[in-house]
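> below are the sequence and a predicted model for it; my questions follow.
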Amino acid sequence: MPEAESLAYCERAFRDDLDGRPLLSNRSEWFRYAIVSNRRWHWRNLVLLGDALRTGHPSVGSGTRLAMQDAIALFEACVALPDVPARLAEFERRRRPGSDALQNAAIKSTQWYETVRTRLSLDPVSFAYDYLRRTGRASTIRTCALRDPALAAAYEALHPEGVPP
């Protein structure tokens, strides 16, 4: 939706919570986000770090944190090992598992945002529960309860017949 239309929709949806006050825009427009990944993390002695190496959806965040962790891991590999090929292999060995996990969460979050329209009919608690589960990191009611006990309890109360996975 265009920004004005999105604001109007959210003002209607949260009318009771806003007590008639308008929403302020922070120019958070919906968009399609490209996920970038690289099969090769280096070329000769040039190394990709942070968003140059891989991106995550802004809803997952972590861009700056990943870049700093990459730089630290590369530094530690350079201190620990004598030659460039060994350093680069160690850097990738240490960082790839976390990088791949973030990319998987980012892809799932991107897909959630790109299909959010199909969830707009959900009640607020179910919508929030679905949002919390969007990356797969909190995939069950038990893992959701670890992150937000009140939300998990509210969701369970709405679904006394049994909570879907």
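The structure has been received and is ready for your questions.
> which ones are touching the residue nearest the centre of the chain?
Closest residue to the average C-alpha location of the chain: residue 60 at 2.0 Å, with C-alpha atoms, centre = their mean. Residue 60 makes contacts with 102, 105, 106, 109, 135, as judged by C-beta atoms under 8 Å, 6 or more residues apart in numbering. (C-beta placed from N, C-alpha, C; glycine too.)
> using PyMOL, define a selection of the buried residues within those residues.
In PyMOL, a selection of the buried entries from the contacts of residue 60 looks like this (16 or more other C-beta atoms under 10 Å):
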select buried, resi 102+105+106+109+135
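> and of the contacts of residue 60, the nearest to residue 15?
residue 109 (27.7 Å; C-beta to C-beta).
> following the helix or strand containing residue 95, which helix or strand shows up next?
Secondary structure assigned from DSSP states H and E places residue 95 in helix 84-114. Moving toward the C-terminus from helix 84-114, the next helix or strand (DSSP H and E) is helix 124-133.
> now for that next one, which elements pack on it?
The helices and strands touching helix 124-133, judged by 3 or more C-beta pairs under 8 Å, 6 or more residues apart in numbering; DSSP states H and E, are helix 141-147, helix 149-158.
> centre of the chain versus the first one, how much separation?
Taking C-alpha atoms, centre = their mean, to the nearest Å, one finds the center of helix 141-147 at 17 Å from the center of the full chain.
> only the buried residues of that helix, if you could.
By neighbour count with 16+ other C-beta under 10 Å, helix 141-147 contains the buried residues 141, 144, 145.
> that older thread, tell me the SS of the residue nearest to the centre of the chain?
coil (DSSP: H, G, I helix; E, B strand; the rest coil).
> going forward, the N-terminal residue is numbered 128.
Noted, 128 is the first residue going forward, which turns the last one into residue 187.
> low-confidence stretches in the chain?
Across the chain, the ranges flagged by pLDDT under 70 are 154-160, 184, 188, 289-292.
> and residue 167, how far from residue 173?
Distance of residue 167 to residue 173, computed by C-beta to C-beta, to the nearest Å: 10 Å.
> for residue 232, that is, sorry about that
Here the criterion is C-beta to C-beta. By it, residue 232 lies 27 Å from residue 173.
> kindly report the same for residue 164.
Separation of residue 164 from residue 173 (C-beta to C-beta): 17 Å.
> in what helix or strand does residue 191 lie?
helix 190-207.
> what's that helix packed up against?
helix 177-180, helix 211-241.
> who wins for proximity to residue 140 among these?
Of all the helices and strands packed on helix 190-207, it is helix 211-241 that lies closest to residue 140, at 16.7 Å by C-beta to C-beta.
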